[in-house]
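Enquirer: Have a look; sequence and predicted model below, questions after that.
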Number of protein chains: 2
Amino acid sequence: MAGVYSFLPLGLRVLRKIEGIIREEMNAIDAHEILLSALSPKDVWEKTGRWEGFDALFKIPAHGENEYGLNPTHEEIITPLVKHFVQSHKDLPFGCYQIQTKFRNEARAKSGLLRGREFGMKDLYSFHPDESCLQKYYEMVQEAYWKIFERLELSEKTYLTYASGGTFSQYSHEFQVVLPQGEDTISVSEEAEKQGKRIAINKEIFEEGKTKCPLTGGTNFREERASEAGNIFKLGTRFSDPFDLKYTNEKGERHCVLMGCYGMGTTRLLGIAAEFFGNKDGLSWPKSIAPADIHIVPIAKSKDEEPFKKALALAKKKDCILDDRLDLSVGARLADADLIGIPTRIIISPKTLEKNQMEVKDRRSGKVEMQPLQ
Amino acid sequence: MAGVYSFLPLGLRVLRKIEGIIREEMNAIDAHEILLSALSPKDVWEKTGRWEGFDALFKIPAHGENEYGLNPTHEEIITPLVKHFVQSHKDLPFGCYQIQTKFRNEARAKSGLLRGREFGMKDLYSFHPDESCLQKYYEMVQEAYWKIFERLELSEKTYLTYASGGTFSQYSHEFQVVLPQGEDTISVSEEAEKQGKRIAINKEIFEEGKTKCPLTGGTNFREERASEAGNIFKLGTRFSDPFDLKYTNEKGERHCVLMGCYGMGTTRLLGIAAEFFGNKDGLSWPKSIAPADIHIVPIAKSKDEEPFKKALALAKKKDCILDDRLDLSVGARLADADLIGIPTRIIISPKTLEKNQMEVKDRRSGKVEMQPLQ
């Protein structure tokens, strides 16, 4: 069905590696990994006024006149949960994140993994006693996000994009990756770019008349198509207020906790990386998220022959996929290697074995060289 | 809400370790890991007659008169998916599994993680040209399951339990763990037990009058309360038939693929292990799935003091949790260590440091000994 995908073994490996990179960078800023539920009771959504107001919320009829939500986001779950653990200012600040499946009742699903009805997301929520603490955390998460985009080899084409902030904050921020297949339009600040910074404003705030770069004040923009891979918001007391999430400060006064939320689409990043690095021959994954480091194609008629045995021995030592479809033509197998897009392709054949060598090809540059068989 | 749970950091670590053990044993029998969708279109359920017939299936109203299923099981998803990849007998046999969240519209959720509306499962599906191939695979999965129960330290209390087989097979099999909190009743064969085998029959088939042990023919049974941690079924052509999943044999004839399915509850196993190993003081995890190997309690007034510094140095070398709540009483912190139930508890205090030692306590035996600080 449109907007809903299953992952086969190679795609799942890419997804797990993307999740692994995000997890490492979240752990590096001391965020705690948790796993929230996908179902939710109706009353938490009524409390925040979003049972009726949130068009993309799937509502599930259940036994006994019950109705559940199928969560598109988790503020309504995390806020009452965190209430069990926050009493005093000493319990703050902290952040919790999860990597989980989200669901959205989209009228029109489109662009494959870029806008799904069911998709993977990392969502981080942070909790603070005051605005300056929230601001500091917000900037720290921005830095963590840039590290993630660097590790995905996407940072050079990613723009920190100013977007509407809601009632609590003037702006929120999106991490937009420039991509012809993207469904957003952003205005890239050319003045910021001259200063070596990748800043943009999104279409919505541009149309609201905020047509200056918030960082440089510059007014020269270049329009780009882009895909939103992450977004970060200051929620303020939007959710702590209805759930009465309060802490006691040093003077014994009770105040609402301030919250931030920080999303990043894991399956969407997979889709972005697939589109971004692919070419007419197929996919071309960055090494950090490729399904494997090496794709080995042994050229042999049977598994008893030397090229296959050497390939198998190599495969046991490395992070590899080994093409054992010996009854297929070599041409078809090499075309599949390009399609799958693992960074390094190795051919072991009777000919390369004459000199105890293997043929090593780099997927991106196309450069081929002979190397001694390890 | 009842039957729906969020996982906090320590529980999530246990869940991930259970998943890791299952994943390793599935990979060891060459099953391919995939990830199927949680949502499904109505038509696949109509094709198998289960849109109306499956009471526990959540049906979600969506935009534009659409209705989706929220999958409680994945035969309706995997079968049409696999059809893209199976042509000939040469493509068989194989197995695919996933570790994923399932949803069931239960009238009454109960016993915490033991019967939820949302729960984690590993489900493996296998595909075969003939009955003997399916039988061989079925037995191989049984062996893999026993290895998993051994690694979870549950095998001594787990019984391979004969259950109704449906139209294709006389029996299916459940892996039932004897547990006072369990919601099933099984009849354990005492003759089988004398032969060193853990065999039982479930209540349903006992009440059908099948009151002989299928393995030994014995008629002496002992009733036990138990919880079903896994179940395995021969599906035969139940799903390949409606989806027309066929292969071509050596003679060029087209035949329906035979299927098996093999479930194991990941969150339920967490619940079983929690109940099974816990005592009045709290949890007591097996080492293989504990949230950490070691729980360190430094006794110090501040993080500048030696016991805390030594504890931190140790924590960096081991899989640890470090209790840094230095403002809490030592008694409260030690009680929490018992509650959390990590196998080994280490105390580092000014007193233990006099001899450059630490106090090491085994959670299960309660045995305490002094060891040199590493």
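Expert: Noted; the coordinates are in hand. Residues are numbered from 1 along each chain as shown, chains lettered A, B, ... in the order given.

Enquirer: In the stretch 251-374 of chain A, what residue comes closest to chain B?
Expert: A:Asp327 (8.2 Å; CB to the nearest CB). The way it works is simple: take the backbone N, C-alpha and C, and place the C-beta from them, glycine included.

Enquirer: what about that residue, distance to B:Tyr247?
Expert: Distance of A:Asp327 to B:Tyr247, given as CB to CB, to the nearest Å: 16 Å.

Enquirer: Between these two, tell me which one has more neighbours.
Expert: B:Tyr247 (21 against 8; other CB atoms under 10 Å in any protein chain shown).

Enquirer: Run through the helices of the stretch 251-374 of chain A in chain order.
Expert: A:266-277, A:306-317, A:330-340, A:350-354 (DSSP state H, counting those that start in this stretch).

Enquirer: Kindly compare burial across those helices and name the winner.
Expert: helix A:266-277 (a mean of 23; mean count of other CB atoms under 10 Å in any protein chain shown).

Enquirer: From the rest of the structure, what touches that one?
Expert: A:5, A:11, A:14-15, A:18-19, A:22, A:99, A:111-114, A:116, A:119-122, A:152-154, A:157, A:177, A:179-181, A:227-229, A:283-286, A:289, A:341 (CB atoms under 8 Å, 6 or more residues apart in numbering or on different chains).

Enquirer: cutoff 6 Å now
Expert: A:14-15, A:18-19, A:112-114, A:119-120, A:122, A:177, A:179, A:181, A:227, A:229, A:283-284 (CB atoms under 6 Å, 6 or more residues apart in numbering or on different chains).

Enquirer: Restricted to helices, list these.
Expert: Those of these mapping onto helices are A:14-15, A:18-19, per DSSP state H.

Enquirer: which of those residues lies closest to A:Thr216?
Expert: A:Ile18 (32.0 Å; CB to CB).

Enquirer: In stretch A:49-65, which residues are buried?
Expert: A:50-51, A:54, A:57-60, A:62 (16 or more other CB atoms under 10 Å in any protein chain shown).

Enquirer: filter the ones in helices among the contacts of helix A:266-277 by proximity to chain B?
Expert: Among those, none lies close to chain B by the criterion of CB under 6 Å from any CB of the partner chain.

Enquirer: Adding neighbour count and pLDDT, write these out as TSV.
Expert: Shown next, in TSV, are these (neighbours: other CB atoms under 10 Å in any protein chain shown; pLDDT from 0 to 100):
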residue	neighbour count	pLDDT
A:Val14	23	98
A:Leu15	21	98
A:Ile18	26	98
A:Glu19	18	98
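
Enquirer: Going by distance to B:Gly95, which of those wins?
Expert: A:Leu15 (20.4 Å).

Enquirer: With adjacent residues omitted, what lies nearest to the closest one?
Expert: A:Leu270 (5.5 Å; CB to CB, 6 or more residues apart in numbering or on different chains).

Enquirer: pLDDT score for that neighbour?
Expert: If you check A:Leu270, the pLDDT there is 97.

Enquirer: distance of the residue of the stretch 251-374 of chain A closest to chain B from B:Leu134?
Expert: 25 Å.

Enquirer: same question, A:Gly120
Expert: According to CB to CB, A:Gly120 and B:Leu134 sit 33 Å apart.
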